[in-house]
Structures are given as C-alpha cells and as structure tokens.
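Trainee: sequence and predicted model, in that order:
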Amino acid sequence: MILRKAFFLILILLFFVIPLTALLLQSLSAPWRFHTGQGIDWGWQGYSTLFENPQLWEATFISIWIGFAVLFINVTLGLFTGKALASYPYRGKAWLEALLLSPILIPSLAIAMGLHLFMIRIGLADTFWGVLLIHLVPTVPYSIKIFHNSYQQIGKTMMEQPHILGAGFWTQVFTVELPLLKPAIRSLTFLTIVISLSQYAITALIGGGRVLTLPLVFFPFLENANTSIMAAFSIWFALIPVFMYIIIESLMMFLPYSRLPWRNHR
Amino acid sequence: MKLFKNRTFLLFLPVAIFLMIPFYGFIHAVIQSLGGEGLAHYEEILSSERFLSSVWFSVRTAGIATLVSIILGLGFTKFFHPLLTNISPRLMVWIPMLFPHFVWGYMVILMLSETGWLPQILAAAGWLETPSNFPVWTRDPEGIGIIITYVWKEVPLVILLLFPVYASIRPEYYALVDSLGGNAWHRFTTVDLPHLLPVLVETFLIIFSFTLAAYEVPALIGTTFPEMISVLGYEWFYGSSWDDRPLAFAAMVMTSLFLLGLTLMSYYGLSRPRWRAMRGDRQ
C-alpha cells in the first residue's frame, strides 16, 4: 500500500503538478534558456505585457458573461431534464439518453456551419446571443448527464416527501432539490465554463470575429508573443473558471439550509 | 397517474426546444452539402486524395488518442481508486481539466518542442548535445503532438467518469471470484468489465467523436499535411473560393454520419440481453 501510494504521488507530481508549477514559474520569468547556462530571470513582464493589451480585458469580460449565461441555461435545462429522466421508468430510456447525448457526438463544427446561414437570416450572427446559443450545444448534454446522476442518487423518496407535504413545484426545487444538487452544480460550473472557453472554431464562425472571446485573442497571440506572455495567458485561462467558481459558491450560500461561514456550527 | 405523466413531458419541453438547435444545424448542413446537385460534392471529395488522406489521418490519430486515454485512465483508476476518495489527490489529477484543450496543447509545445523545456533540461544535463537533437514531437507529420495533448487532457476525464463506477463495485464480488478459484484476470473480466462496459463505451464515443472532429488542437499543434478533417473542413469553409463551401459541408456531414453510425451500433450492442444479464439489469 505504501509502495502504491508512492507510485501514485510520483505519477501525479510528474504529469500534473510539475507541469502546472513550471507554467506558473515561466509566467513569472523571462523565457528560459537553460542549455546556454543562463539562470532564471524573475519578473512580472509576462503579465504586464498581457494586461496592457486592451483586447484582453474586453475578451475576458465577454467570455465571463457568456460563461455565466451558458451556465445559467445549463443548470435550468439540466435540472428539468435530469429530473424528468430520473422519474421516467419506461423502456427505450437508453435510446432517449443516446438522443440527448447526440449533440456532443455530432461535430460542433458541422452544427455551427449548418446554423451559420440561419443565424445570419434571423440576425443572430456576429452577436453575443448567437455565440451563447452555439456554446450550449457542446455543454448541455454533460449537464443533463450530471443532473440525471444526481437525481438518481437523491432518490425518489426524497422527491415524494415535499410533494406529500404540499410543496409546489418551485418550492420543492428551491428548498429540497437545489440544496441537494450543490455538488452537481459545482462540477457543472467548472465543466461548462472550461468548455465555453475552449471554443475557438465555432465562436469564430458564429461570432464572425466580432464577438471577441478569449480564444479569439489567444490564437493570434501565438504568432508574436514570447513564452512568458503566453504562459501568463495560459494561467489567465485557468484563473477565470476559479474566479467564476468562487462567485457561484458564494451565490449558493443563499440557498436554504446552507452553512454560512460567519455563523456558528456544532 | 396520468397527471404525473403529463408533468414529466412538460419537464422534457425545454430540452426538446434546445435539441432543435443542433438538429436544425445538422439538417441544414446536410442540405447545403447536397446543394441541389445530388451527391456530386460527395463524389468530388471521395475522389480527392487530400480528403482521403485526411480521413485516414484523423481516424488513426483520434483512435490512438482515445484508446490510449481509456487504457491509461482505466489502469490508473483500477490501481489507485482507493487513494482517490480523498479530495486533494483528486483535485491534483484534475488539473488539466481546468485548462482549455488548446491551452494544454500550447503547454505541450512549451515542454516538448525542439526549444522546449524538456530538450533544454536534457541538453543542460548533458544527455543531448543540443536541444534540437530531441525528436520532433510537435507539429510533426505523424500527429504525435496531437495524440500527446489529447491523452494528457482526456485521461483525467476517463478517471472522472470511471471513478464512481469503481467506488460502487462491492468487494463481495471479488471475494466470490476468489472463492471460486478465479485469478486477477477473471476478476477483471467477470466483475469489473460488466460494471464498466456501458461507461467505457460511452466514454469511448465521447472522446473519439471529440478528438476526431475538434479544430483547435490540430490547428495549433498539427502540420499542414496530413491534416485533421476538421482543419480541412474549416479551411474549405473559409477558403478563398466559395465553390469549396459545399465540400466543407460534405466533409463534416460524412464525419457526423460516421459517428452517428458508430453510436447506434454501440448502443445496439450494449442493449443486447447478454450484457444486461451480466450486469444484473432487470429492466
């Protein structure tokens, strides 16, 4: 068991922790040239050059807004559908699940290309709303899966109780379901926001380059920025989900029966 | 309970509206790939050397990346799942999931390109004469960089999906295999595999369809020839000539149909009674 633990630690350090640490160190120092015998030249140049770019801030705000909107719609859709699936006992359920999974199995590029003309026709191309809609396609199937699993774990009896006690639909959602779904909402926050931040091709296609999200700034940056700036930019990509997670976590404290850190607990 | 049934269908209403987005998009992609000229565009791409080599390259690269991710993730979860019950090791395993795919692709370039950290360190340690003696693993014609990026990014996803299954297998099953004189291989095939199979198949489909058709990573870390099908499709869509657009649609529709066929086959296979019986499903 000790051997297994040591092996585990070595693997995790080698493949996950050390690369992240190296990226962090590179973002805080000038590009490395170890083979010429130079040492590490510390400094904030990577970050300061990055933040001087006005496009970066615009793209960050737009990405965050799209991220929150995508997350909100995902939670709503996931909640309804997960609940419906968990209380749907019939045959053919596997096929229904396959149907709900299909938006991530069909290439999103194919979907975005097909929607392009339609978006132009109804005036959604090159707009925030068009990009928001297309970002739903690769995220919603995951939300449905996560919420479906959570509802199954919560169990039917837990859902029957508030019903018997006379709670209406929304009362039940806010006082029973959402507090129990907190872990699901946490994983969903990370998943949807990272997926939304990962979309270059479909954002460029539907946003037409006018809706500036972070990936649209990252790709052209690759051409002429040095490694420190790019390392800082990469770290920036990971900080956004963390930042949004903190906001979601603090919003979830307002749900009923939440532990508030400023109150005493046994 | 007719009332209850109606309410269940009301709950499905939002997702039905959502599904119209991808399905409308897909159907329109099919219509535009035909372009009122029948299957002419399909015939054109199927006789194009560039398209065929791209198909082979994509399927090969995505297939290798998916299989390696699943094997490594499965081995890791099987071997280490008792250690993953604590929250902090689990968070460390999921570090790559915090980054978008193309950012991790850039990370691979930072580390493994000819001027990257690993060649530099090896050169500084005297194992390589110069950093440029390091093998070409990024922007290479074999797709090694693409495979490394995807495997690195997807192994944590495989662990995330398999861990709950392993945590839910009751140890009594293993005891049963042991008492009947089975070895480790029997344990794996008679206990683990029936439990894991639906999740494994689904994981394979999710990762394979993503790696086959995603644009970002191959655009960043791949070469211009051979190129992944998504890169080719994107190029045809945005290329200088409008005549190429139907080709882009045809290429992406063919990829979609291939993936849908694969999905249908897998789900059909999974719903066969033999696997249901092995899982103890009584549906």
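Mentor: Arrived safely, thanks for sending.
Trainee: which helix or which strand is home to residue 240?
Mentor: Reading this off chain A. helix A:227-252 (DSSP states H and E).
Trainee: give me the mean pLDDT for that helix.
Mentor: Averaged across helix A:227-252, pLDDT comes to 94.
Trainee: near chain B at all, that helix?
Mentor: Yes: using CB under 8 Å from any CB of the partner chain, helix A:227-252 reaches chain B at A:227, A:230-231, A:234, A:237-238, A:241-242. In short, each C-beta sits where N, CA and C put it, glycine included.
Trainee: got any ranges where the chain has weak pLDDT?
Mentor: Just so you know, I chose chain A. Applying pLDDT under 70 to chain A flags the ranges A:89-90, A:264-266.
Trainee: not quite, go with chain B.
Mentor: For chain B (pLDDT under 70), the answer is B:1-6, B:272-283.
Trainee: can you name the residue of the stretch 151-283 of chain B nearest to chain A?
Mentor: Going by CB to the nearest CB, chain A is nearest to residue B:213 of the stretch 151-283 of chain B, at 3.3 Å.
Trainee: so where does the most centrally placed residue in chain A fall, helix or strand?
Mentor: When CA atoms, centre = their mean is applied to chain A, the residue found nearest the centroid is residue A:193 (2.0 Å). For residue A:193, the enclosing helix or strand under DSSP H and E is helix A:182-198.
Trainee: give me the angle between that helix and helix A:227-252.
Mentor: 150 degrees (axes from the mean of the first three to the mean of the last three CA atoms, to 10 degrees).
Trainee: surely the residue nearest to the centre of chain A meets residue A:244?
Mentor: Yes: with contact defined as CB atoms under 8 Å, residue A:193 counts as touching residue A:244 (5.4 Å).
Trainee: and residue B:128, backbone torsions?
Mentor: phi -120, psi 150 (degrees, to the nearest 10).
Trainee: give the contact list for residue B:22.
Mentor: Taking CB atoms under 8 Å, 6 or more residues apart in numbering or on different chains as the criterion, residue B:22 is in contact with A:102-103, A:106, A:111, A:137.
Trainee: among those residues, which are in reach of chain B?
Mentor: A:102-103, A:106, A:111, A:137.
Trainee: hmm, who's touching stretch A:21-35?
Mentor: With contact meaning CB under 8 Å, 6+ apart, stretch A:21-35 is reached by A:38, A:40-47, A:226-228, A:231-232, A:234-235, B:107, B:110-111, B:117, B:119-121, B:123-124, B:130-131.
Trainee: number of nearby residues for residue A:247?
Mentor: If you count neighbours by other CB atoms under 10 Å in any protein chain shown, residue A:247 ends up with 12.
Trainee: residue B:20 is in what secondary structure piece?
Mentor: Secondary structure from DSSP H and E places residue B:20 in helix B:2-34.
Trainee: could you point out which element follows that helix?
Mentor: helix B:40-46.
Trainee: so is that following helix next to chain A?
Mentor: No: applying CB under 8 Å from any CB, one finds helix B:40-46 separated from chain A by no less than 13.5 Å.
Trainee: give me the helices and strands touching that helix, please.
Mentor: Packing partners of helix B:40-46 (3 or more CB pairs under 8 Å, 6 or more residues apart in numbering or on different chains; DSSP states H and E): helix B:2-34, helix B:245-270.
Trainee: just want the angle from the shortest one to helix B:2-34.
Mentor: Same thing as helix B:245-270. Using the same axes, to 10 degrees: helix B:245-270 against helix B:2-34 is 140 degrees.
Trainee: re earlier: and residue A:201, which of the helices and strands packed on helix B:40-46 is closest to it?
Mentor: With CB to CB as the measure, helix B:245-270 is the member of the helices and strands packed on helix B:40-46 nearest residue A:201 (11.0 Å).
Trainee: any residue of the closest one touching chain A?
Mentor: Yes: contact of helix B:245-270 with chain A (CB under 8 Å from any CB) involves B:248-249, B:252-253, B:255-256, B:259-260, B:263-264, B:267, B:270.
Trainee: just to revisit the earlier point, in helices only, show me the contacts of residue B:22.
Mentor: Using DSSP state H, the members of these that fall in helices are A:102-103, A:111.
Trainee: ok, residue A:8 to residue B:85 distance?
Mentor: Per CB to CB, to the nearest Å, residue A:8 is found 12 Å from residue B:85.
Trainee: whoops, residue A:104 was the one
Mentor: 29 Å.
Trainee: how many neighbours does residue A:262 have?
Mentor: With neighbours defined by other CB under 10 Å, the count for residue A:262 comes to 5.
Trainee: tell me where chain B has helices.
Mentor: B:2-34, B:40-46, B:49-80, B:87-93, B:101-112, B:117-124, B:144-168, B:171-179, B:184-187, B:193-213, B:216-221, B:229-238, B:245-270, B:273-279.
Trainee: can I get the fifth one in CSV? Just the C-alpha atoms.
Mentor: C-alpha atoms of helix B:101-112 as CSV (Å, rounded to 0.1, in the frame of the first residue of the first chain):
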residue,chain,number,x,y,z
HIS,B,101,-7.6,21.9,-24.9
PHE,B,102,-5.7,24.4,-27.0
VAL,B,103,-4.0,25.9,-23.9
TRP,B,104,-2.8,22.4,-22.9
GLY,B,105,-1.7,22.0,-26.5
TYR,B,106,0.4,25.1,-26.1
MET,B,107,1.7,23.6,-22.8
VAL,B,108,2.9,20.5,-24.8
ILE,B,109,4.6,22.8,-27.3
LEU,B,110,6.3,24.7,-24.4
MET,B,111,7.6,21.4,-23.0
LEU,B,112,8.3,19.2,-25.9
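Trainee: next one: it, is it in contact with chain A?
Mentor: Yes: on the criterion CB under 8 Å from any CB, helix B:101-112 is in touch with chain A at B:101-103, B:106-107, B:110-111.
Trainee: which residues does the residue of the stretch 151-283 of chain B closest to chain A contact?
Mentor: Residue B:213 neighbours (CB under 8 Å, 6+ apart): A:107-110, B:58, B:229-230, B:252, B:255-256, B:259.
Trainee: which pair in these spans the largest distance?
Mentor: Longest span within these, CB to CB: A:108 and B:58, 15.4 Å.
Trainee: okay, which residue is most central for chain B?
Mentor: residue B:207 (1.6 Å).
Trainee: number of residues surrounding the nearest residue to that one once chain neighbours are set aside?
Mentor: Residue nearest to residue B:207 in three dimensions, not counting chain neighbours: residue B:66, with 4.7 Å by CB to CB, 6 or more residues apart in numbering or on different chains. By the measure other CB under 10 Å, the count of residues near residue B:66 is 25.
Trainee: also residue B:151?
Mentor: Look at residue B:151: counted by other CB under 10 Å, it has 22 neighbours.
Trainee: contacting residues for it?
Mentor: Residue B:151 touches B:65, B:68-69, B:72, counting by CB under 8 Å, 6+ apart.
Trainee: and for residue B:227?
Mentor: Residue B:227 touches B:54, B:57, B:218, B:235, counting by CB under 8 Å, 6+ apart.
Trainee: now residue A:3: how far from residue B:79?
Mentor: From residue A:3 across to residue B:79, the span is 11 Å (CB to CB).
Trainee: the two: which is more packed in?
Mentor: residue B:79 (13 against 7).
Trainee: in this structure that one contacts residue A:4, no?
Mentor: Yes: counting by CB under 8 Å, residue A:4 is a contact partner of residue B:79 at 7.1 Å.
Trainee: report the separation between residue A:44 and residue A:33.
Mentor: In terms of CB to CB, residue A:44 sits 19 Å off from residue A:33.
Trainee: I'm done for today, thanks for sticking with me.
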